[in-house]
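*Asks:* Have a look; sequence and predicted model below, questions after that.
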Amino acid sequence: MACSKDPAENLAKAEWRIREAAAKGAQIISVQELFRSQYFCREERAELFDLAEPVPGPTSESFERLARELKVAIVGSIFERRTAGVYHNTALAIDADGRLLGLYRKMHIPDDPLYFEKYYFTPGDLGFRCFDTRYARIAPLVCWDQWYPEAARLAALAGAQVLIYPTAIGWHPSEKAEHGAAQHDAWRTIQRAHAIANGVYVAAVNRVGYEGPPEHGLEFWGGSFVADPFGVVVAEGDHAAEETLIVECDPRRIEEVRRNWPFLRDRRIDAYGPILNRVTD
C-alpha cells in the first residue's frame, strides 16, 4: 500500500485489500508496518504520539471483525499506546475466528537518518513469539528485526512455519542512484538467508510511495516478496505500484528441504555461548 496522511482512510484501504485477498483465496493476510499513517518516524515531533492507539483499539477491533467474517488469519501492525509515555511498534496476530492470539512488540529498534524510531518506540518485552493460527504456525517480526539471524532462528526453533515481516523500508533519494540497488539486494538477500538457514517460508510486506518533502523524504521501495524454505523467491511485488500477492506455502516443502539440508540437526548448541556477548574480545 501507499499511505495517505489520514489514518481512517488508510484503515479503510487496508480493510478493502484484506477483503480482496480473501476473495482470491488467501488464508493468512499481512499488512505492512505502521500502515495507518505515513511513516512518521522521519522526524521527531511529540504531537505524533497522538497517532498511537491501544489494544483493544480501532485497528485490532476492525481486523478481528474482518477475520471472523472472512475466516482468515490477519497479521496487523499498529503504533501501540501501552500507557502514557510507553509506546511500541506492535504486530497483532488474529486467528480466523476473530480471536486476538497475542501481540509481538518489535524487539530491534533502529535509529538512522529519517528512521528515528528510538524516539517513539520502547523495545519489545515479549520475546520472539509464535502463534498457532487455523492455517499455520506463524511468527510475526517487524522490519528492522529482519536483519537479525537470531530473531529468525529463535522463531524457527519455536516451530514457526512462516516468518512474516511487516516492513517500511525505502531509499533516501540522494542515495538511490549510487547505493539503491545494493541496499535493496541486501534486504532481499538477508531474508532469503533466514529462509534457507531455518527451512521456513519468509514473507516481507513493504509499503510503496514517496513520503515527505522532496529534499528530506523517503521513497519506499515496495518489492514485497515470499521466499520458500530454500530461499527461492516464489512471488515478488512491484517497486512502485500497490499490489496484493497471493502465494501458496506448502508445509510439505519445509519437510522436504530440512530432510536434505538438515541445518537444525547439525547445530553445535554446546559451542554457541559467546553469542550472548555484545562482542568477543
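*Replies:* On my side now, so go ahead.
*Asks:* pLDDT at the closest residue to residue 77 other than its chain neighbours, what is it?
*Replies:* In space, and not counting its chain neighbours, residue 77 is closest to residue 166: 4.3 Å by Cβ to Cβ, 6 or more residues apart in numbering. For the C-beta atoms, the positions are set from N, CA and C on the backbone; glycine is no exception. pLDDT for residue 166: 98.
*Asks:* In contact with residue 166, which residues?
*Replies:* Residues in contact with residue 166 (Cβ atoms under 8 Å, 6 or more residues apart in numbering) are 30-35, 75, 77, 91, 140, 142-143, 205.
*Asks:* swap in residue 127?
*Replies:* Applying Cβ under 8 Å, 6+ apart, the residues contacting residue 127 are 107, 154.
*Asks:* Identify all contacting residues around stretch 242-261.
*Replies:* 1-2, 17, 20-21, 24-26, 136, 161-162, 196, 199-201, 203, 208, 222, 224-226, 228-230, 234-237, 264.
*Asks:* Which pLDDT value belongs to residue 41?
*Replies:* pLDDT at residue 41 comes out at 97.
*Asks:* Which of the contacts of stretch 242-261 fall within helices?
*Replies:* Counted as lying in helices by DSSP state H, out of these, are 17, 20, 21, 196.
*Asks:* what bridges to residue 226?
*Replies:* Counting by DSSP bridges, residue 226 is bridged to residue 203, residue 235.
*Asks:* So which of the contacts of residue 166 belong to helices?
*Replies:* Using DSSP H, none of the contacts of residue 166 sit in helices.
*Asks:* Looking at the residues you listed, which one is closest to residue 129?
*Replies:* Residue 129 has its nearest neighbour among the contacts of residue 166 in residue 140, at 7.6 Å by Cβ to Cβ.
*Asks:* what's the burial count for the closest residue to the closest one other than its chain neighbours?
*Replies:* Of all residues not flanking residue 140 in the chain, residue 91 sits nearest, at 3.8 Å (Cβ to Cβ, 6+ apart). The number of residues packed near residue 91 is 30, by other Cβ atoms under 10 Å.
*Asks:* how about residue 91, what does it touch?
*Replies:* Contacts for residue 91 were tallied using Cβ under 8 Å, 6+ apart; they are 75, 76, 77, 103, 104, 105, 106, 140, 141, 142, 164, 166.
*Asks:* For residue 26, list the residues it contacts.
*Replies:* 72, 246.
*Asks:* Please report how far it lies from residue 252.
*Replies:* Using Cβ to Cβ, to the nearest Å, residue 26 is found at 19 Å from residue 252.
*Asks:* before we move on, back to that, quick one, which of the contacts of stretch 242-261 are buried?
*Replies:* Taking 16 or more other Cβ atoms under 10 Å as the criterion, what is buried in the contacts of stretch 242-261 is 1-2, 17, 21, 26, 136, 161-162, 196, 199-201, 203, 208, 222, 224-226, 228-230, 236-237.
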